[in-house]
Structures are given as structure tokens and as C-alpha cells.
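S.K.: With the input below, show me the fold.
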Amino acid sequence: MNRTHSTKRTTDPLKSKNYILVHILLILISIIPIMSFAQEQWERDGEIEDVEIEIVRERQIVLPKANRNFEKISPRPSEPIKPAIVYEFKNLNFSVPDYRSQIRPLRLKQEDIPKIYGNFVSAGFGNYSSPYLNAWLNTKRDKSRYLGVHMYHRSFGKGPVDGKNSASGNTEIGIFGKSFNNSVTTGGSLNYENNTGHFYGYSPGLETKRDSIKQSYDRFSLSGEVSNTRTADFNYKLSGYFNYLTDHYKAAESDLGLSFVSDYKLNEKTLLKIDASYAIISRKDSLVEATPRNLLKVAPLIQFNPLDKLTIAAGARVVLENDSIRSKSFHIYPMVQADYTLSDKINAYASLRGDMEKVSLHTTSAENFWVNSNVGLFHTNKSLEFLAGIRGTVGKQLSFDIGVSASNLKDFYFYQNSTLDRAKFDLVYDLGNTQRVNFYGELGLNKNEVVRFNVRGDYFTYATDQLAEAWHRPTYRFSFNSAFNIYEKVLINVGMVGQGGMKAFNNETSMVEELKGAFDLNAQATYRVSRQVSVFLKFENMLSNGYPVYLYYPVRGFQVLGGASVSF
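M.R.: Numbers count the residues shown, from 1 in each chain. You can find the predicted model right below:
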């Protein structure tokens, strides 16, 4: 079976192709029933007749040639503008009225001047029947002067030995002030102090009356000074004082003194220094009326820089005195000091010097309250002292100072219990030479006023000439103080002091006795209720060590003091 299918020619190729495909599809559709019929016929007859299909596609696409000749458009001739444009330039003059600016500056709210609390009062009460008062009253905000008053009282109605027989107290009151202008500063003070106590180092079981063992010192002092206000090529300070002391046993001592300290800048590297002082001491006791003692010192020094990092001061100290213990009254001592900068924050220093150290009833009674009456008083001749050390800072918060000193002391005094009354102390002198060596170290930390502490330790060795031991002189001493500021509300102070290695001669046993080492731990907690009011609680001798400060003189045990403070 031959079938011929022809299609019409079109000019669209896509339509022609679609047209062919449609016809092929129709042919296939028409074949399917034929095949079905053949299948049926096969099933019936068992054979299929041969069929031949021929598809003839004759198509030719012919397109005419495109005509691509374009004609160019010739430009049109310009036409003149009518009427013609004419440009005319004229000077333009104008004037405006003067502008007057009315500036109104911004007004800031004036800040209130912070209030100054120049007055401070603190009061409290503790065990051992101990009232406490500390007050400072000062003038405020005066650029040319200030004036103040200080009052202090702390007493103990009972003590470590026989209750009231070891009671003690301390009272101070003082007036101070200072006036200054651009060139001169003047100042002065007037003070009174009373120290009361008892000779409670008597033998146990001895019947005593409180008034018979009482001791009391009254101290009056008057001082004044004049100095230049601003640092200049010539700086000076002239000061004078008068001290007067009396005790319960009719002893009296007056100490009148004058001192002058100055430095003059010769050039950029040279400085001339003068340190001069004079003191006259008059004393009388129940059995002694001593000749007035004079002590004149003059120490000229010249300071210069031979190297960039080295500073040297050299001179001499000339002393004139009239103590009867010495055969000559004129003394001259070397004065050499050197300071070398190891780095920006660390210095090494050394000195070789001598001095005549003043000794009086004022100084000995302040050091040992139980000193005997009618004791001999003589100045200490420090013929030579060598000192060397290193000090500096580490970072911005830590500072240190370590060093050693070696001194040769003539006519150096020591304390020894009296053979007539063991509760009182005589002054005994090593009329030969006493060599003293002191190793010391100090460390301090201040971290933004939140944490602060300072610790210092000293170790001493003594080699006496005429005395068996350095009586009642410690061989070691240390101290530690710290403060912690917690959120500006709670301030905690912790400290401790200690010393030991003291030896004393026991007249009752005629033997050398080494005293128990002293160790005192103390703490104070302060709570700030407001900027002006705070409450505190203080603990002293927290370990309740009954250590002796001198032979037969133990201290009080655990002490508690509570109170409040106010600023206004």
C-alpha cells in the first residue's frame, strides 16, 4: 500500500516544520488501528500482508534579495534669528544696612562649690574603762591663712597589774596656724600634753598606795617658723621653739632652741646648703640642779653633679657643747652624701657623717615613761656613721627602700632597773665606744587608694665596750600597716608591731634575763553611714599577749574600742 502526502510550500520555515510533524503524527495514528487490525487478522489467519509506506517531502525555501540602499538626509541651512539677540552688560550697585549681631552666650548652670568638712570629731569607749576623744577644728577656704585646734584624750582606768595601780592616760590640746602670701609663709603652734601613769613594776604582793607610785608629766611647747613661700634660687626656713616639762616629783626642764636651714643655687649644677641649730637646756630635780647645757651645730654643704646621674654633697658639721662627761667641747664631723640614679625609678645612695644627738628629760621620758628621778643626762656622740642603700619604685604602685648602716657611738645610754627600786629605770652609759649595725628594709604599696600597705623590718647588732650587754635595746623590730577601702563604705585597717631580743639585768637574781618577744596584732573596721558620719570598732593586742615592753612591765591584754565619728 503506497500513500503519498504532499504539502503546500510556505515561506515560514518554522510553520513548515510544524506542518510536517503534524502530518507524521497523523500517519502514525492512522497506522495504529491498521496494526491492531493486522494483529487480529494474524490471530485469525496466522499471517500479515506486506505493506509499503513511502513518505516524500519536497520543499524549497526561496527568499527575495533585500534592497539595502539608504538615502542620506542633507542638512538644512541655518536660518537667522529674528529679531537678533543683543547682550548688554551693566554695573549693578546695591547697599544693605549694617548687621548688628546680638549674640546671647549660652549660660551654664553654675556648679556648686563642693563643701569642705574641715572639722572632725571622733569619740568612743572601750574595755579597761577607757574613754576616747579625738577632735580637729579648722578654718575653711581662706587662701592666705588657716587656724586650727586639736584635742585628744585616751585613758585606761585599769591596767595589767592590780587594776587601778596600772591605770594610765594621755591628754593633748593644741592650737596651730599658718599665714602665707606670695613671698613669705609664717606659722606657729601652742601645745599642752599630760601623760599620767604608775610605776607598776613593783614586786608581786608588795602593798603599795596608788599615789606613791604615780607619775605624771606635763609638757608645754611653743613654736614658730618663717620661710619663703615659693621655691627660688634662695630658699630658707627659720624656726624656733620653747619646751617646758614638769613631773610628779618636782622635776622641771626647759628647752629653748633656734634652727636655720637654707640652700642657695649657685648655678644649674651647684647648690650651697647650710643647716644650723642652737639649743640651751636647763634642768632641776629633787636632788640635782644641773648647769645649763648648750648645743650649737653648724653644717655647711656644697652639692654638685660631677656626672649626669651622680649627685654629691660634701662638707662638715661643727659642734660646740658643754656636757661634763667629755673633756673637750669642740667637735667636727665629716658630711659626705652621694646619690646615683640607676634608672628612672631606682636610686642608690650612701653617706658618711657624724653628729651630736641631743638627749634630755623630754626625749628620755617620751621613750621610757618609768625613767628614774635625778638621772644623769648627756648627749650621744655619734662620731661616725656609714649608710648605704637602694630605694625606688616598681611600676606606679610599689615602692621599696633597703639598706644598712654602721655607727660608732660614744657615751651611748641604756636603761637598767634601779637597784633601789626595780620599778624605776636608771640611765647607764657606755663611756667607751658602742658599735651598732642596722639592716633595714621597707616596702609600700598603694593601689588607687583602695588597697594600701606598708611593712618595715630592722635588725640590730650591738657591740658594747664597758657594759656587758646593750640593756633594753631590741635586736629586731618590725611593723605592718594596711588599709582596704571597700566600695567607699567600709574601711578596714590591719596592723601589727613586734620587737624582741632585748636583754635586762635582774638585780634580784643577779643574772641576765632575755625578755619575751613582743607581738601585737590590731585591726579596725569603719563603716561610713554617710559622707559625714561613720562608726568604728577597733581591736588591739588581739592575741592577748602579755609581753613586756621593759623588765617587769607587761602590757594590757585584748582591748576593744567602739565609737563614732562625724565631719562638719
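
S.K.: Does residue 388 touch residue 404 like I think?
M.R.: Yes - in this structure, residue 388 is within contact of residue 404 by C-beta atoms under 8 Å, at 6.2 Å. Glycine gets a C-beta too; all of them are placed from N, C-alpha and C.

S.K.: biggest strand in the chain by residues?
M.R.: Longest strand of the chain, by residue count under DSSP state E: strand 425-447.

S.K.: Give the buried residues for that strand.
M.R.: For strand 425-447, burial by neighbour count (16 or more other C-beta atoms under 10 Å) applies to 425-430, 433-434, 436, 438-445.

S.K.: Look up how far residue 325 lies from residue 293.
M.R.: Remark: distance between residue 293 and residue 325 (C-beta to C-beta, to the nearest Å) = 11 Å.

S.K.: Which residue would you name as the spatial centre of the protein?
M.R.: Centroid check for the chain by C-alpha atoms, centre = their mean gives residue 446 as the closest residue, at 3.8 Å.

S.K.: Which residue, other than its chain neighbours, is closest to it?
M.R.: Leaving aside its chain neighbours, residue 446 sits nearest to residue 452 (4.9 Å; criterion: C-beta to C-beta, 6 or more residues apart in numbering).

S.K.: who's in contact with residue 289?
M.R.: For residue 289, the contact set (C-beta atoms under 8 Å, 6 or more residues apart in numbering) comprises residue 283.

S.K.: where's it relative to residue 216, distance?
M.R.: With distances taken as C-beta to C-beta, residue 289 is found 21 Å from residue 216.

S.K.: ditto for residue 538
M.R.: Going from residue 538 to residue 216 by C-beta to C-beta gives 26 Å.

S.K.: Tell me which of the two has more neighbours.
M.R.: residue 538 (18 against 14; other C-beta atoms under 10 Å).

S.K.: correct me, but the more buried one touches residue 560?
M.R.: Yes - using C-beta under 8 Å, residue 538 is in contact with residue 560, at 7.3 Å.

S.K.: Quickly list what's touching both of those two.
M.R.: Counting by C-beta under 8 Å, 6+ apart, the residues touching both residue 538 and residue 560 are residue 126.

S.K.: Now residue 414: closest residue in space that isn't a chain neighbour?
M.R.: Of all residues not flanking residue 414 in the chain, residue 471 sits nearest, at 4.2 Å (C-beta to C-beta, 6+ apart).

S.K.: Spit out the contact partners of that neighbour.
M.R.: By C-beta under 8 Å, 6+ apart, the contact set of residue 471 is 414, 415, 416, 428, 503, 504, 505.

S.K.: Just give me the closest of those to residue 225.
M.R.: For the contacts of residue 471, the closest approach to residue 225 (C-beta to C-beta) belongs to residue 415, at 33.5 Å.

S.K.: tell me which element that closest one falls in.
M.R.: strand 398-417 (DSSP states H and E).

S.K.: strand partners of that strand, parallel vs antiparallel please.
M.R.: strand 380-394 (antiparallel), strand 425-447 (antiparallel) (DSSP bridges).

S.K.: The ones you listed: which one's closest to residue 197?
M.R.: Here strand 425-447 is closest among those (C-beta to C-beta), at 13.3 Å.

S.K.: packing partners for the helix or strand just after the closest one?
M.R.: Per DSSP H and E, strand 425-447 leads on to strand 451-463 as the next helix or strand towards the C-terminus. Here strand 451-463 touches strand 425-447, strand 476-486, going by 3 or more C-beta pairs under 8 Å, 6 or more residues apart in numbering; DSSP states H and E.

S.K.: Name the residues of strand 451-463 that are buried.
M.R.: 452, 453, 454, 455, 457, 458, 459, 460, 462.

S.K.: go on, stretch 195-208?
M.R.: Neighbour-count burial for stretch 195-208, counted by 16+ other C-beta under 10 Å, picks out 195, 196, 197, 198, 199, 200, 201, 202.

S.K.: got those residues as JSON lines, with distance to residue 237 and pLDDT columns?
M.R.: JSON lines is the format used below for those (distance: C-beta to C-beta, whole Å; pLDDT from 0 to 100):
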{"residue": "195", "distance to residue 237": "30", "pLDDT": "97"}
{"residue": "196", "distance to residue 237": "35", "pLDDT": "97"}
{"residue": "197", "distance to residue 237": "36", "pLDDT": "97"}
{"residue": "198", "distance to residue 237": "41", "pLDDT": "97"}
{"residue": "199", "distance to residue 237": "41", "pLDDT": "97"}
{"residue": "200", "distance to residue 237": "43", "pLDDT": "97"}
{"residue": "201", "distance to residue 237": "43", "pLDDT": "96"}
{"residue": "202", "distance to residue 237": "47", "pLDDT": "96"}
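
S.K.: Need the max-distance pair from the residues you listed.
M.R.: Pairwise distances across those (C-beta to C-beta) peak at 19.7 Å, for the pair 195 and 202.

S.K.: The residue nearest to the centre of the chain and residue 397 touch, don't they?
M.R.: Yes - here residue 446 reaches residue 397: they are 5.8 Å apart, a contact under C-beta under 8 Å.

S.K.: quick one: contacts for the nearest residue to residue 350 once chain neighbours are set aside?
M.R.: Using C-beta to C-beta, 6+ apart and skipping residues adjacent in sequence, the residue nearest residue 350 is residue 388, 4.2 Å away. The neighbours of residue 388, taking C-beta under 8 Å, 6+ apart as the test, are 348, 349, 350, 351, 403, 404, 405.

S.K.: Model confidence score at residue 388, please.
M.R.: pLDDT for residue 388: 98.

S.K.: ok, now how distant is it from residue 342?
M.R.: For residue 388, the distance to residue 342 (C-beta to C-beta) stands at 13 Å.

S.K.: can you confirm residue 326 is in a strand?
M.R.: No - under DSSP: H, G, I helix; E, B strand; the rest coil, residue 326 falls outside any strand and is assigned coil.

S.K.: show me the contacts for it.
M.R.: Residue 326 touches 378, 381, 411, counting by C-beta under 8 Å, 6+ apart.

S.K.: Could I get the contacting residues of residue 423?
M.R.: 199, 200, 201, 202, 213, 370, 417, 552.

S.K.: Excluding chain neighbours, what is closest to residue 381?
M.R.: Per C-beta to C-beta, 6+ apart, closest to residue 381 is residue 410, 4.0 Å.

S.K.: so what's that neighbour up against?
M.R.: Shown in contact with residue 410 (C-beta under 8 Å, 6+ apart): 380, 381, 382, 383, 431, 432, 433, 434.

S.K.: closest to residue 153 among the residues you listed?
M.R.: residue 380 (33.5 Å).

S.K.: and that closest one, how many residues sit next to it?
M.R.: The burial count for residue 380: 18, using other C-beta under 10 Å.

S.K.: cool, and the one 3 residues further on?
M.R.: By the criterion of other C-beta under 10 Å, residue 383 has 15 neighbours.

S.K.: Residue 406 is in contact with that one, correct?
M.R.: No - contact criterion C-beta under 8 Å: residue 383 and residue 406 do not qualify, at 11.9 Å.

S.K.: mind listing the helices for the protein?
M.R.: Secondary structure of the chain, counting by DSSP state H: helices at 13-45, 361-367.
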